[in-house]
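> here are the coordinates; sequence isn't available:
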């Protein structure tokens, strides 16, 4: 089974190492040793066994698997899943399995590569598959499915020559969403009311990163005044809510600028700035480089 997507345009022999599949079961090649997998459990429940642990996973949930993970499972209740198979090299050529498994990547490689590596770690952070499960709220399931569907449409539709870049970009945005919503902004075990509020707001910002939301949008949504909002973000993230959203958007833009050839105006729109000129000015003010200069570094 070729778990990749081939170009169906005449005269093109392009192959992208991403494969999407929707199903009411887990395919027999779910433990394929050549690919990572992201499984969105939309319906039903599974029992997973790994490293002497047993865990019941109920929808909605997300399961990440590396190429070495073996999913030992039993279906407890009829399932519905969306699965993305991919090789890490689809994000960066440097991300071979040998290098990732050796733990070779650290800050010394440079900020851009290390930040992309953090996205990959969302799938490989633990030896037990039971710990690769993220229980997600319904609003997060909606966002996960939106990004999955966007990648799927590019892989199947191939409407223009940017489909390889665009499908990769949606995979990266999906990983970005997982990391910044469920890892970076996730509350600790002993969660305080402020930590819980911060996590909910950070999740909301990430879910709506492509929309023209503002601090005023957030204060109305969460019935909180601006001072209290910024106090929470300063304590939890050492920056204001405005700066947190700005950094979130620009970090995602950097990932796309570095790893795709998508037009800058499309990237601008994807991170919540429909005015590409404004985006370019903002990007330069923060990074010291224009988007084009950053892409060409």
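Perfect, I can see it now. Just so it is clear, the model here is predicted, and its values are computed rather than measured.
> where exactly do the helices run in the chain?
Secondary structure of the chain, counting by DSSP state H: helices at 97-102, 111-124, 138-157, 163-178, 193-207, 215-221, 226-237, 241-259, 264-270, 276-287, 291-295.
> among those, which is nearest residue 131?
Nearest to residue 131 among the helices of the chain is helix 111-124 (11.0 Å), distances taken as CB to CB. Any C-beta I mention is one placed from the backbone N, CA and C, and that applies to glycine too.
> re earlier: quickly, which of the helices of the chain bottoms out on average pLDDT?
Ranked by mean pLDDT, the helices of the chain bottom out at helix 111-124, with a mean of 84.
> thought residue 65 was touching residue 33?
No: using CB atoms under 8 Å, residue 65 is not in contact with residue 33; the gap is 10.7 Å.
> and stretch 20-27, how far apart are its ends?
Across stretch 20-27, the terminal residues are separated by 12 Å (CA to CA, to the nearest Å).
> Show me this protein divided up by domain.
Split into domains by automatic domain parsing, the chain comes to 5-144, 193-295.
> ok so, going back, quick check on residue 65 and residue 33: which one has the bigger neighbour count.
Taking other CB atoms under 10 Å, residue 65 and residue 33 do not tie; residue 65 has more neighbours (22 against 11).
> what about the residue nearest to the more buried one when sequence neighbours are not counted, neighbour count?
In this structure, residue 65 finds its nearest non-sequential neighbour in residue 37, 4.3 Å apart by CB to CB, 6 or more residues apart in numbering. For residue 37, the count of nearby residues is 25 (other CB under 10 Å).
> Deepest-packed of the helices of the chain, please.
Mean neighbour count, computed with mean count of other CB atoms under 10 Å, is highest for helix 163-178 among the helices of the chain, reaching a mean of 24.
> Who are the contact partners of the nearest residue to residue 211 once chain neighbours are set aside?
Distances taken as CB to CB, 6+ apart place residue 272 nearest to residue 211, at 6.0 Å, with adjacent residues excluded. Residue 272 is in contact with 208, 209, 210, 211, 212, 213, 249, counting by CB atoms under 8 Å, 6 or more residues apart in numbering.
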